[in-house]
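K.L.:
A structural model of the following input is requested.
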Amino acid sequence: MDRGIRRSARGLAVAAALVVAVTAMQTHAQGNPEAEFKKIADQFAAAWNKGDATAIAALHAEDAVRLNGDGTVASGRAAIAKGMTEALGGMWKDSRLTITPNQYKRVTDDVYVGEGTYRISGGTPPAGAPTSGSYMNTMARRGGRWMIAGSAVFSPPPPPAK
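P.N.:
Residues are numbered from 1 along each chain as shown. Here you go, the predicted model:
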């Protein structure tokens, strides 16, 4: 076999192997994105702990919807940033947030729904204000990046009246 043909064949084999490897990595990443969701939860908590509402909002899709623990709704990244600025500059100033993601279920290749728990310490919440609860997020891949497309925060119900 001619040396040039052998080099071309080797080059094609190497290129094919690279394509297979990259495709396998992408399929694996798409098949189990929970590590990305954990990273987003960690980034959310870190931004909260710094009082950085802009960084929290940046984790959300431009058209995200957020149902807050107090029942208010923020629609869109700008509204989420505004609400977070108010919260982190108000009763949750200097508070610490811990987020524990639990499980995510695939809806489509680009949409997952998951749930977890949260706990807030510090700040100056009024007496009886919930400082822990659960959340449900809809995660959507937009432009190759996972973002929070929808979020609902749930506080535990108050104890029954005696």
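
K.L.:
quick one, domains of the chain?
P.N.:
Domains of the chain are assigned by automatic domain parsing as 1-31, 33-154.

K.L.:
what pairs with the top strand by length along the chain, parallel or antiparallel?
P.N.:
In the chain, ranked by residue count with DSSP state E as the criterion, the top strand is strand 96-108. On the basis of DSSP bridges, the sheet neighbours of strand 96-108 come out as strand 111-121 (antiparallel).

K.L.:
buried set for stretch 71-80?
P.N.:
Within stretch 71-80, the residues that count as buried by 16 or more other C-beta atoms under 10 Å are 74, 76-77, 79-80. All C-beta spots, glycine's among them, are computed from the backbone N, C-alpha and C.

K.L.:
pLDDT on that stretch, on average?
P.N.:
Taken as a whole, stretch 71-80 carries a mean pLDDT of 96.

K.L.:
repeat that for stretch 107-120.
P.N.:
Looking at stretch 107-120 alone, the average pLDDT works out to 96.

K.L.:
what comes into contact with it?
P.N.:
Identification of contacts with stretch 107-120 by C-beta atoms under 8 Å, 6 or more residues apart in numbering yields 30, 33-34, 37, 41, 92, 95-106, 131-141, 149, 153.

K.L.:
for stretch 128-148, list the C-alpha coordinates in CSV.
P.N.:
Provided in CSV are the C-alpha atoms of stretch 128-148 (Å, rounded to 0.1, in the frame of the first residue of the first chain):
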residue,chain,number,x,y,z
GLY,A,128,-42.5,32.5,62.6
ALA,A,129,-41.1,33.2,59.1
PRO,A,130,-40.1,29.8,57.6
THR,A,131,-36.4,29.3,57.3
SER,A,132,-36.5,25.9,55.7
GLY,A,133,-38.6,24.0,53.2
SER,A,134,-38.5,22.4,49.8
TYR,A,135,-38.3,23.5,46.2
MET,A,136,-39.1,22.3,42.7
ASN,A,137,-37.1,23.4,39.7
THR,A,138,-37.6,23.0,36.0
MET,A,139,-34.2,23.0,34.4
ALA,A,140,-33.9,23.7,30.7
ARG,A,141,-30.9,23.6,28.4
ARG,A,142,-30.8,26.8,26.4
GLY,A,143,-27.9,27.3,23.9
GLY,A,144,-26.1,24.3,25.4
ARG,A,145,-26.3,25.7,29.0
TRP,A,146,-28.5,24.4,31.7
MET,A,147,-30.6,27.2,33.4
ILE,A,148,-33.5,27.4,35.9
